[in-house]
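Asker: I need the structure of the sequence given here:
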Amino acid sequence: MRLLLNSEIHDTTRIITLNQMSWSIKQTNLDSSINLASEALRISKSIKWQHGMANSFAKLGVFYYFRGEYHKSREYHSYALEINIDLGRLRQTAINLGNIGVAYRNLGDYPNALEYYFRALSIEEKMGRKKGIATKLGNIGIVYKEQEDLDKALEYYLKALEISEEINDTRGVARHLGNIGVVYRKRFEYSSALEYYFRAVKLEQETGNIYGESGNYSNIGNVYMDLKDYPMALEYQLKGLVLYKEIGNVGGVALNLGNIGVTYTELEEYGKAEEYLKQALAHSSSSGIKELLKDQYLYISRVYDSTDNPSKAFSSYKMHIVYRDSLNNEENTRAQTRTEMKYEYEKAQLVKEQEEKEAARVVAEETSRRNNLQYSVILIAILILFGGVLSLGFINVSERMAEGIIFFSFLILFEFLLVLADPYIDKWSGGAPGFKLLFNAGIAALIFPMHAFFEGKMKKRLVKS
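Answerer: Numbers count the residues shown, from 1 in each chain. You can find the predicted model right below:
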């Protein structure tokens with residue numbers, strides 16, 4: 001590929017090659033992946049090639065997600081989404097929506113996460129993409145898990161797992177197994193949690209998914225922490241840390257460093273605990289993950305308290321309060337924004353309903369006016385027709401002509417009566433063809449004696465002697 005890039009090739013081929021190269025090394029050299037995708041994006045912009053721009057934006061969104069920079073990830077996926085919607089690329093649109101949902105979920109904005117996941121799921125279902133459906137179901141399950149609705153989370157995870165197993169999607173199966181393990185851990189069913197985690201690790205290793213493998217190691221470490229088996233917890237936390245560093249996931253590194261610091265605190269190895277928690281704070285600060293900063297300042301304040309360092313303990317605890325309050329304020333702001341958006345939406349819906357009712361009323365009035373006018377014209381025409389038939393007694397015509405005139409007059413009368421009665425017949429019959437036929441036959445039966453009587457009388461007057 002590098003030889004291809006150095007040769008004289010068309011810009012679109014160069015963009016495709018750069019994007020492919022960036023994707024192929026994402027788990028081993030994330031910085032280079034970002035550089036390659038950024039170069040592809042630059043060239044795409046220079047030639048205004050929207051497909052290339054959308055693909056580069058989407059890849060950058062994934063790479064920044066791997067680095068734990070969720071705001072940037074959401075931003076790039078949003079750029080890709082806008083272009084793909086314009087281009088009518090349904091599959092890419094669904095993927096972008098799902099990835100934006102992932103970013104919102106990691107930022108703790110669960111209502112927005114669910115909104116984007118369900119939008120993505122709807123598109124996947126329309127396309128019948130089982131792999132996409134399973135992924136979105138799993139993502140929705142994660143949000144419910146984060147909101148502590150464990151029954152609903154497990155429901156969506158199991159649906160996702162069933163579909164992934166059906167289509168032999170090994171990575172999907174591994175992901176859903178890991179998520180089910182999380183639910184069992186939250187239910188304090190630790191043996192089941194470990195069973196699902198280890199099954200997930202095995203599949204992640206088979207598929208070479210380092211990101212998934214590292215996440216499951218961290219989760220296994222958390223279970224052993226819950227079981228107070230700190231040496232085992234430390235073993236798996238360190239395994240997770242090594243892999244997160246290997247793929248350059250800042251958020252994962254920060255999380256694992258903090259967890260290792262907590263484990264050393266429980267082991268009363270306060271020097272190592274302080275060392276790891278300081279590293280965790282540095283990584284959390286660089287990536288701006290306030291949730292981790294809040295917890296890690298609390299943990300390190302406890303370390304300082306345990307080592308008789310009240311000044312540092314107090315200052316660290318104050319930072320914990322700062323981030324805790326900041327997160328609470330952000331949540332309150334998001335809640336206020338959601339309330340305002342809901343009000344505006346309901347207001348818009350009410351206005352829309354009123355406009356639709358008014359439009360329907362105007363249409364109904366115009367239809368009624370039109371129908372009454374046409375009914376009047378038809379009735380006048382029928383009266384004129386029958387008046388003309390009655391006046392034919394003063395003229396002698398053939399018997400066949402007389403029969404034709406009478407038949408045509410009653411046929412027009414019959415059709416007019418059907419038009420008048422049709423709305424009522426529809427209502428009484430419920431639209432059933434059989435009942436409508438019976439009503440029509442009844443009208444015909446009423447007209448037939450009139451036709452026979454009229455024909456007999458008129459023939460005498462109309463037929464030539």
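Asker: can you tell me the helix or strand for the closest residue to residue 300 other than its chain neighbours?
Answerer: Distance criterion Cβ to Cβ, 6 or more residues apart in numbering; nearest residue to residue 300, sequence neighbours excluded, is residue 277 at 4.2 Å. All C-beta atoms are positioned from the backbone trio N, CA, C, and that covers glycine. Per DSSP states H and E, residue 277 falls inside helix 270-287.
Asker: buried ones in that helix, by neighbour count?
Answerer: Buried residues in helix 270-287, counted by 16 or more other Cβ atoms under 10 Å: 270, 272-277, 279-281, 283-284, 287.
Asker: and if you look at stretch 184-196?
Answerer: Within stretch 184-196, the residues scored as buried using 16+ other Cβ under 10 Å are 184, 185, 193, 194, 196.
Asker: quick revisit: who touches the helix holding residue 277?
Answerer: For helix 270-287, contacts defined as Cβ atoms under 8 Å, 6 or more residues apart in numbering pick out 67-69, 250-251, 253-255, 257-258, 260-262, 264-265, 292-293, 296-297, 299-300, 303-304, 306-307.
Asker: now those: which count as buried?
Answerer: Using 16+ other Cβ under 10 Å, the buried members of the contacts of helix 270-287 are 67-69, 250-251, 253-255, 257-258, 260-262, 264-265, 292-293, 296-297, 299-300, 303-304.
Asker: that older thread, take the contacts of helix 270-287 and keep only those in helices.
Answerer: Among the contacts of helix 270-287, the members falling in helices (DSSP state H) are 250-251, 253-255, 257-258, 260-262, 264-265, 292-293, 296-297, 299-300, 303-304, 306.
Asker: what about the residue nearest the centre of the chain, which helix or strand?
Answerer: Per Cα atoms, centre = their mean, the C-alpha nearest to the average position across the chain is that of residue 119, at 2.0 Å. Residue 119 belongs to helix 110-127 when assigned by DSSP H and E.
Asker: any idea of the mean pLDDT for that helix?
Answerer: Per-residue pLDDT over helix 110-127 has a mean of 93.
Asker: for the residue lying closest to residue 258 once chain neighbours are set aside, give its distance to residue 268.
Answerer: Excluding its sequence neighbours, the residue lying closest to residue 258 (Cβ to Cβ, 6+ apart) is residue 280, at 3.8 Å. Using Cβ to Cβ, to the nearest Å, we find residue 280 at a distance of 19 Å from residue 268.
Asker: shaky segments in this protein?
Answerer: The chain contains residues with pLDDT under 70 at 1-9, 330-352, 371-379, 381-420, 423-437, 439-440, 443-444, 446-465.
Asker: what about 50?
Answerer: The model of the chain has pLDDT under 50 over residues 1-8, 341, 464-465.
Asker: residues near residue 16, how many?
Answerer: By other Cβ atoms under 10 Å, 16 other residues sit near residue 16.
Asker: one more: residue 29?
Answerer: Residues near residue 29, counting by other Cβ under 10 Å, number 16.
Asker: phi, psi of it?
Answerer: Here is the backbone geometry of residue 29 (degrees, to the nearest 10): phi -150, psi 80.
Asker: do residue 168 as well
Answerer: Here is the backbone geometry of residue 168 (degrees, to the nearest 10): phi 60, psi 40.
Asker: for it, what are its contacts?
Answerer: With Cβ under 8 Å, 6+ apart, residue 168 has no contacts at all.
Asker: how close does it sit to residue 203?
Answerer: Residue 168 is 12 Å from residue 203, by Cβ to Cβ.
Asker: try residue 215
Answerer: 13 Å.
Asker: quick one, which of the two is more surrounded?
Answerer: Ranked by neighbour count (other Cβ under 10 Å), residue 215 and residue 203 place residue 215 first, with 25 against 20.
Asker: can you say which helix or strand has that one in it?
Answerer: Element membership for residue 215, per DSSP H and E: helix 210-226.
Asker: list the contacts of that helix.
Answerer: 27, 66, 171, 174-175, 178, 181-182, 185, 188, 190, 193-194, 197-198, 200-201, 204-205, 230, 232-237, 239-240, 243-244, 246-247, 249, 252, 255-256, 259, 262-263, 266.
Asker: generate a PyMOL selection restricted to the buried subset of the residues you listed.
Answerer: Filtering those down to the buried ones (16+ other Cβ under 10 Å) takes a single PyMOL command:
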select buried, resi 27+66+171+174+175+178+181+182+185+193+194+197+200+201+204+230+232+233+234+235+236+237+239+240+243+244+246+247+249+252+255+256+259+262+263
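Asker: in helices, which of the contacts of helix 210-226 appear?
Answerer: 66, 171, 174-175, 178, 181-182, 185, 190, 193-194, 197-198, 200-201, 204-205, 230, 232-237, 239-240, 243-244, 246-247, 252, 255-256, 259, 262-263, 266.
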